[in-house]
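In: need coordinates for the below:
(chains A, B, C and D)
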2 protein chains.
Amino acid sequence: MPTIKEIATMASVSRSTVSRVLNDSGYVSDEARKRVEQVIKETGYMPSVQAKALRTKKTKVIGVIVPTIRTETSSRLVAGMDYILAEAGYQVLLATTNQEREKELEFLQLLQTRQVDGIIFAATNVEPTLIEKINCLSIPITVIGQEIDGVPNVLYDDYHAAKDLTQLLISKGHKRIGFIGVNEKDRAVGYLRKKAFLEMMKRASLNVETGWVQEGIFDIHSGYVATEKMLAYSKQLPTAIFAVTDRLAIGAMQFLKQHNYRVPDDIAVVGIGASEISEHLTPALTTVDYQYEQAGRQAAMLLIQQLNVKESVTKKIVLDYRLLDRDSV
Amino acid sequence: MPTIKEIATMASVSRSTVSRVLNDSGYVSDEARKRVEQVIKETGYMPSVQAKALRTKKTKVIGVIVPTIRTETSSRLVAGMDYILAEAGYQVLLATTNQEREKELEFLQLLQTRQVDGIIFAATNVEPTLIEKINCLSIPITVIGQEIDGVPNVLYDDYHAAKDLTQLLISKGHKRIGFIGVNEKDRAVGYLRKKAFLEMMKRASLNVETGWVQEGIFDIHSGYVATEKMLAYSKQLPTAIFAVTDRLAIGAMQFLKQHNYRVPDDIAVVGIGASEISEHLTPALTTVDYQYEQAGRQAAMLLIQQLNVKESVTKKIVLDYRLLDRDSV
DNA sequence: AAACGGTGTGGTATCGATACCACAAATTGT
DNA sequence: ACAATTTGTGGTATCGATACCACACCGTTT
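Out: Numbering: from 1, shown residues only, chains lettered A, B, ... in the order given. Okay, the predicted model is just below:
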């Protein structure tokens, strides 16, 4: 690959002129421009991204931090981001934390020294040190899925979605409803969804047995186990189970089917997430669609907006959700 | 962030000495080293990746080209790669092609000008122009999932896996077996799996009605539709369906259940891919586990190997697969 | 005719690091 | 004691681009 210097020599102009042609900046005579373009075409020259980045401090790369890329949620998020970012000429540099807190910090640092133009961060645990780090970051950032003050956020409306879903169960006549959650350190998925559930039950004056509240992690099997425990420890069996993710719901349904409970006739099940499989289950799972790809797009757009205006915006976007009332209730 | 020059001044040494400390190369007195390290610690200095890359031509970034990041297959692949690459100090720059051929070429070019240290390419269509481009690339590359001569490959054993799976169906007494494939331009998934199926049927002297052979794309719904067509156009109904991916198999099962065919009693179903959900379906899907994460790891390891020896290896790794004989047959 | 503003071009400094060489000082060998 | 290493350090060139300024050349304006 030739350098700009060689192109300049070949076209009998200075490097400056070649640069002007490349960036379409400043004055260049038609004649000079043509000569340069000709040489560029002949040689297939492409300017060195490294050199350009060093000089201009712009890399056209966006760092994306996600807990994992294996789950449908994350991969859809990233797909959505990538769609918008690619359109705007950016590429995605991926960083996966595997839920480890030190790694979140580490990657924020790493991406900064890599001089990415911006960061999109799908956080899980939001603790003070992390927030502090984010706030003193010199790069535009957008946080998705967890609320952090002072930075642009794209948020799911976990609270209201969970409320609506609980209300749906109640309105269909369920009075005994079990709950499968996750660790409450995850404020959005763990804390807010549970809070909404409990509040709605209280408002409807419905009792929640302690055995009805179980906790899983993020995989299908833990939904299975949680359901097993729930049924074992209940004085009275619940008639419905609210699982905070589709995978947990799928695990629950699997356990129920295998133990000859009919869904939804004996026990109804709902999830959150609208995973691809959810509508192909029998019965089709009632769930909430957060439209993760859309969320990724929004986050990317919000970031690009910041990059363009060059001053930190602190907008919050609360995403819409759709209740998918299907056959499992 | 200070520069190496400032660190040098602060530690009363030259930039060269700081560089030597940073890279642990050449001779540096203990005393000088200590002073430099002290200043680095105090300032929190981190060398500019851009400048380093410009000088050394190494970016510590690996470009990964995949058709999409939304599917379980791809996301697992990438997760596997990321695991190994992160361990070796590389980061992943993502490029998704959405199956568009021009984009595959475009990204190969783009990644090259970005001076990534290596490329991992999960190709789909392998046509001459692409192969040519790959062969004249100046960067180490590893291709995964499709066989291309002259470059290191990580391959699934599509042919034998499909044969084994067909054999399994035959050995369980099935004589009328339907097939749901994908476009044969995809040599691995479309062509090889079909070839293996047809050969095994022929070898067992089993007839394959034309209506029994259907084609879908890569989503669940197309498996549903293909099954619908298959049953509509069959003179005699098949007793088993071989779908070349799990998603197609899931679509098939969904259609069958909804139309009151029992799986596997009336019609058995098998897939390929061992998607997470496959074991949680009722009945649990018989499928082939390609261990995509493992595949991603292998590809990453193969690439790193090339980077280390600095000469192009042309090794081929054919991955092992596991037949998961579950309840859908 | 002098002054002026718009065009077009080249030269030089710079971004922040490493490579490489020159050279001084310390150590070793004979 | 002197040459030959080994060790330690700094200076300069370079990677490949852009930023910015200086200047030359025009045609207008006063």
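In: quick one: contacts of stretch A:200-211?
Out: A:162-163, A:166-167, A:170, A:175-177, A:179, A:198, A:229-230, A:232-236, A:238 (C-beta atoms under 8 Å, 6 or more residues apart in numbering or on different chains). C-beta coordinates here come from the backbone N, C-alpha and C atoms, glycine included.
In: please apply the same query to stretch A:301-318.
Out: In contact with stretch A:301-318 (C-beta under 8 Å, 6+ apart) are residues A:62, A:84-85, A:88, A:90, A:117-120, A:140-142, A:147, A:150-157, A:298.
In: restricted to helices, list the residues you listed.
Out: A:84, A:85, A:298 (DSSP state H).
In: what helix or strand does the nearest residue to the second one once chain neighbours are set aside sit in?
Out: Computed as C-beta to C-beta, 6 or more residues apart in numbering or on different chains, the closest residue to residue A:85 that is not its neighbour in sequence is residue A:300, at 5.1 Å. Of the helices and strands defined by DSSP states H and E, residue A:300 is found in helix A:292-309.
In: follow-up on the earlier one: which residues does the residue nearest to residue A:85 contact?
Out: Going by C-beta under 8 Å, 6+ apart, the list of residues near residue A:300 reads A:62, A:80, A:81, A:82, A:83, A:84, A:85, A:88, A:120, A:142.
In: wait, isn't residue A:189 in contact with residue A:246?
Out: No. If you go by C-beta atoms under 8 Å, residue A:189 and residue A:246 don't touch, sitting 11.8 Å apart.
In: near DNA strand D, which residues of chain A?
Out: By C-beta under 7 Å from any atom of the strand, the part of chain A that sits against DNA strand D consists of A:3-5, A:15-16, A:18-19, A:22-23, A:25, A:46-48, A:50-52, A:54-56.
In: residue ranges with poor pLDDT in chain A?
Out: Filtered on pLDDT under 70, chain A yields the residue ranges A:310-312.
In: and the residue nearest the centre of chain A, what does it touch?
Out: Closest residue to the average C-alpha location of chain A: residue A:77 at 4.4 Å, with C-alpha atoms, centre = their mean. Each residue near residue A:77 by C-beta under 8 Å, 6+ apart is listed here: A:66, A:122, A:144, A:292, A:293, A:295, A:296, A:299.
In: could you verify my assumption that the first one touches residue A:99?
Out: No. Distance between residue A:66 and residue A:99: 10.3 Å, which falls outside the contact criterion (C-beta under 8 Å).
In: contacts only, for residue A:215.
Out: Residue A:215 neighbours (C-beta under 8 Å, 6+ apart): A:180, A:181, A:182, A:183, A:226.
In: so what's the first one bridging to?
Out: Note on residue A:180: beta-bridge partners by DSSP bridges are residue A:214, residue A:243.
In: follow-up on the earlier one: just want the phi and psi numbers for the residue nearest to the centre of chain A.
Out: In terms of degrees, to the nearest 10, the main-chain angles of residue A:77 are phi -60, psi -50.
In: and what of the one 3 residues further on?
Out: With angles defined as degrees, to the nearest 10, residue A:80 sits at phi -60, psi -40.
In: not counting its neighbours along the chain, what's nearest residue A:322?
Out: In space, residue A:322 is closest to residue A:289, 4.4 Å off (C-beta to C-beta, 6+ apart).
In: quick check: the one you found touching residue A:325?
Out: No. Between residue A:289 and residue A:325 there is no contact under C-beta under 8 Å: 11.1 Å.
In: among the contacts of residue A:300, which one sits closest to DNA strand C?
Out: Using C-beta to the nearest atom of the strand, residue A:62 comes nearest to DNA strand C of the contacts of residue A:300, at 20.7 Å.
In: okay, strands next: where are they in the stretch 101-250 of chain A?
Out: Remark: strands assigned in the stretch 101-250 of chain A by DSSP state E, counting those that start in this stretch are A:118-122, A:141-144, A:153-155, A:177-181, A:213-215, A:240-243.
In: deepest of these, which one?
Out: Compared across those, strand A:240-243 shows the largest average neighbour count, a mean of 30 (mean count of other C-beta atoms under 10 Å in any protein chain shown).
In: contacting residues around that one?
Out: A:162, A:165-166, A:169, A:174, A:176-180, A:197, A:216, A:223, A:227, A:230, A:249, A:251-252, A:264, A:267-272, A:329.
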